[in-house]
Every structure is written in C-alpha cells, then in structure tokens.
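In: have a look at this fold, sequence not included:
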C-alpha cells in the first residue's frame, strides 16, 4: 500500500478566486487524465460498494493566508495544494503533467507553479497506533433522515460511526476483503464551516482529532479523506506530531 501525496506550491503573491472554488480544483484534477482508459474509470466509474461509488482521491483547501470579500477568496501570500489518492498511477500522472507546465489555470486565474513534490506519509506497521490528525479541508459527516441531511459534529457517536462506516465501504470497494480498525479517542479542536460544492452546501468541521487506527484504516484516511466527499475536496487530513 503506497501512501503517496502530491504537494504543489504556487509562486503568486495575490490570487483571487470565487469562494466556491472547490469544483474548479476538481475539474482541473480530472483534466490531467485522458477521456478514455484510466481517466474514464476515475471520472465516470470509480470503485463500487453497496451501490455507492468512490473515486478514492481527496484534495485540500488552497492553503495560505485568506480573506473573504464580496464572494471572493483573496489569497495575499503564496498558497499550496495537496492531493492524495489510493492509486499510484493517479498521483504520478498528475505529477508528470505538472513537471511539463509552468502554471495551472483556475477560473481564468493563472497560478504559477513554484515546486511540486511527492511524499510518502506512513510506513507500514502492525496492529493499531494512535495518530493526531488535523483537517486541511473540512470534514462532513451526515445521514439522510426524513428526506433531508442530518449532520453530526466531531465528538458525537454518530460522527465516529459514519467515519468508520465510510472506511469500511471504501475498504470493501478497493480490496474486497479484510477489515479496518478505527476509533476517535479525543476531539482537541472543532470549528463549524459551511462548504459549497457546485450548487450544494455541506455542514463540515475543521478539527484536530486523536484517533486509533490500523494501517489499512490510516492508509484510507490519508489517501481518500475522513468521511464523505473526498473527491469534492472534503475530509483531507495531515499528521501532527505530539
């Protein structure tokens, strides 16, 4: 199991994008793949379990100093973006494309590439371990109830259950066998956010969590996000060291 993460830094000192920019990043990610073969599989099909499809990738918010004004996200210093996937091919195709370019374009805004690197987050280990995770894009956990979404905050038993169920389904979709071990031991920080993706909004949380997980679970969390909507840029986390 590879734990590959793509790190992209941009040179610009001033970037202006719509506040609802996540679909722009997703669209750019898909643009790195051909319309057939692997690209068609990732965009149209994905990995299936119990009638649900999982794209098995996740991306962060644009990470940098941010101001919101009149529906615009204004980044006044250099920003960076992280992308992760359970597919080594997925990450390496984007990496190869970026090496041949000097910039990417989001909503007519040109972002000049400063540096691109790939990191391997977690070496293999046996059993379970404790991890300190901080979200670098908000985490959403919800269920459908009476024809509407019911959202749950970190610290509730429902939040933990939904995160675990999501991991179990992703595990079944990707590996078809085996189990995952995951529990939340402590919520150290939590702040509510409303996140828009295209025409839909999600209640989500920026948080710091102390969790206990086996290697398969932490591999899925780091590469596909915690809970739902990883391919829409929700639920990406980084490791903190106590």
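Out: Arrived safely. Just so it is clear, the model here is predicted, and its values are computed rather than measured.
In: residue contacts, the closest residue in space to residue 57 that isn't next to it in sequence?
Out: Among residues not flanking residue 57 along the chain, residue 85 sits closest, at 3.8 Å (Cβ to Cβ, 6 or more residues apart in numbering). Yep, even glycine has a C-beta here, placed from its N, CA and C like the rest. Each residue near residue 85 by Cβ atoms under 8 Å, 6 or more residues apart in numbering is listed here: 4, 56-58, 91, 223-224.
In: how about 7 Å then?
Out: 56-57, 91, 223 (Cβ atoms under 7 Å, 6 or more residues apart in numbering).
In: repeat for residue 184
Out: Counting by Cβ under 7 Å, 6+ apart, residue 184 has contacts 160, 209, 211.
In: doesn't residue 135 make contact with the last one?
Out: No: the pair residue 211 and residue 135 fails to qualify as a contact (Cβ atoms under 7 Å) at a distance of 12.0 Å.
In: same drill for these two, tell me which one is more crowded.
Out: residue 135 (26 against 22; other Cβ atoms under 10 Å).
In: ok, now which ones touch the more buried one?
Out: So residue 135 contacts 206-207, 236-237 (Cβ under 7 Å, 6+ apart).
In: how far away is residue 41 from residue 56?
Out: Between residue 41 and residue 56 the computed distance is 11 Å (Cβ to Cβ, to the nearest Å).
In: which one of these two has more residues nearby?
Out: Neighbour count, other Cβ under 10 Å: between residue 41 and residue 56, residue 56 has more, with 22 against 14.
In: my guess is that one meets residue 169, correct?
Out: No: using Cβ under 7 Å, residue 56 is not in contact with residue 169, being 11.3 Å away.
In: pull the number of nearby residues for the spatially closest residue to residue 210 that is not a sequence neighbour.
Out: Excluding its sequence neighbours, the residue lying closest to residue 210 (Cβ to Cβ, 6+ apart) is residue 186, at 4.2 Å. A count of nearby residues for residue 186, using other Cβ under 10 Å, gives 12.
In: ok now the helix or strand harbouring residue 186, how far from the chain's centre?
Out: Using DSSP states H and E, the element containing residue 186 is strand 182-197. Strand 182-197 sits 13 Å away from the centroid of its parent chain (Cα atoms, centre = their mean, to the nearest Å).
In: ditto for stretch 46-65
Out: 6 Å.
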